[in-house]
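Peer 1: need coordinates for the following:
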Amino acid sequence: TTRKILDEISDLIDMNQVLISSDVKETKKGPIKFESVILDAKNKIRFVVYADGDIWTSYLHIQKYYYALNFESDEEVIQEAILTFKTIYTALIKVITVYKGDKLMKRTLYFNQGKEWEWIGVKYYVTNKLINPFAKTVNEEVIYDFRKKA
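Peer 2: Numbers count the residues shown, from 1 in each chain. Take a look at the predicted model:
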């Protein structure tokens, strides 16, 4: 599975930066083998392939777990992970972070594969009860471009 994902995105990434490690994780159900792959350590772009077919992906501040049980076949799980990385490496990514005082409130994610930004989702970090209502609100916008330079 790891090799299949890397083969599909090899033209989009710098293969010299890729780090692969294997390990065994002890759980209540017993030991689970997994392979961890770091594509870009600085930007936290990575994935983990578990022996049971599950795949976990991570980039920037976003994490997604693809449970094999939710798909018809292992191939669908692999294709879903490949699609995630193809999107990351072919689109512009805009992350808008909102702070209220020194508290991180939320992060909103957008992808741009053409002419307009497509809203992907928002992640909230604190409840309003913990926020000082008089604190200054600061919006921080960062655009990431992971497209391979020619």
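Peer 1: so for residue 38, what's the pLDDT?
Peer 2: With respect to pLDDT, residue 38 scores 94.
Peer 1: this structure: strands as residue ranges?
Peer 2: 19-27, 30-40, 45-50, 55-59, 62-66, 92-100, 103-112, 118-124, 137-145 (DSSP state E).
Peer 1: for the third one, the distance to its chain's centre please.
Peer 2: Put simply, strand 45-50 sits 9 Å off its chain's centre (CA atoms, centre = their mean, to the nearest Å).
Peer 1: any idea how far residue 87 is from residue 112?
Peer 2: 11 Å (CB to CB, to the nearest Å). Just so you know, the C-beta spots here come from the backbone N, C-alpha and C atoms, and that holds for glycine as well.
Peer 1: about what we covered before: the strands of the chain into TSV, with extra columns for distance to residue 6 and mean neighbour count?
Peer 2: Formatted as TSV, the strands of the chain follow (distance: least, CB to CB, whole Å; neighbours: other CB atoms under 10 Å):
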stretch	distance to residue 6	mean neighbour count
strand 19-27	8	10
strand 30-40	7	16
strand 45-50	10	21
strand 55-59	13	21
strand 62-66	16	15
strand 92-100	21	17
strand 103-112	22	16
strand 118-124	24	12
strand 137-145	21	11
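Peer 1: a markdown table for these, including distance to residue 5?
Peer 2: Shown next, in a markdown table, are the strands of the chain (distance: least, CB to CB, whole Å):
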| stretch | distance to residue 5 |
| --- | --- |
| strand 19-27 | 11 |
| strand 30-40 | 8 |
| strand 45-50 | 7 |
| strand 55-59 | 8 |
| strand 62-66 | 11 |
| strand 92-100 | 19 |
| strand 103-112 | 20 |
| strand 118-124 | 21 |
| strand 137-145 | 21 |
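Peer 1: quick one: closest of those to residue 10.
Peer 2: Proximity to residue 10 (CB to CB) singles out strand 30-40 among the strands of the chain, at 10.6 Å.
Peer 1: pLDDT value on residue 43, please?
Peer 2: In this model, residue 43 is scored at 88, pLDDT.
Peer 1: isn't it up against residue 62?
Peer 2: No: contact criterion CB atoms under 8 Å: residue 43 and residue 62 do not qualify, at 11.0 Å.
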